[in-house]
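S.K.: I need the structure of the sequence given here:
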Amino acid sequence: MDAAQALRELLELSTQIEAALVLGADGAVLAASPEDEDATVLTGAALELIAAASELGGQQDVSRVEVELDRGALFVVREGDRTIVARTGPEPTAGLVVYDLRTSLRSVDVPAPKKRRATRSKKEESE
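M.R.: Presented below is the predicted three-dimensional model:
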């Protein structure tokens, strides 16, 4: 399924998640929900958290970052080239939120690269 559909289903199922977005390998937003949410703020926070965690972890890939504050929490889950980010209200059930995020992220189809048509050589065209 596409990233937008995955986020719609995530928000329907998980009552703790208030906003979420999916990022591609290059950090570009593939989908954000709700759509009117300022995805720039969440994207920036997620990328900064991943960078900070990467510095602390050395050569290890960061697969999960969680920050809990009085007003809510921010979760970042990465698998392969995809990243999902979610904002929750206060005191979320972290394990359940991460499970929902991983499930949602795994349901997102990664677009296959477009195949290039083989070009005919001039010799083939003349035959």
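
S.K.: in this protein, which ranges drop under the pLDDT threshold?
M.R.: 35-37, 59-60, 110-127 (pLDDT under 70).

S.K.: ranges for the strands of it?
M.R.: With strands called from DSSP state E, the chain shows them at 17-23, 29-33, 64-69, 72-79, 82-88.

S.K.: What strands line up against the fourth one, and which way round?
M.R.: Just to be clear, that refers to strand 72-79. If you go by DSSP bridges, strand 72-79 pairs up with strand 64-69 (antiparallel), strand 82-88 (antiparallel).

S.K.: which of those sits most buried?
M.R.: Sort the strands paired with strand 72-79 by mean neighbour count, taking mean count of other CB atoms under 10 Å, and strand 82-88 sits at the top with a mean of 24. C-beta here means a position set from N, CA and C on the backbone, and glycine is covered the same way.

S.K.: re the thing from before, could the strands paired with strand 72-79 go into CSV alongside distance to L47?
M.R.: Converted to CSV, the strands paired with strand 72-79 look like this (distance: least, CB to CB, whole Å):
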stretch, distance to L47
strand 64-69, 11
strand 82-88, 9
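
S.K.: And for L101, the neighbour number?
M.R.: A count of neighbours around L101, defined by other CB atoms under 10 Å, yields 24.

S.K.: D70 and P90, how far apart?
M.R.: 6 Å (CB to CB, to the nearest Å).
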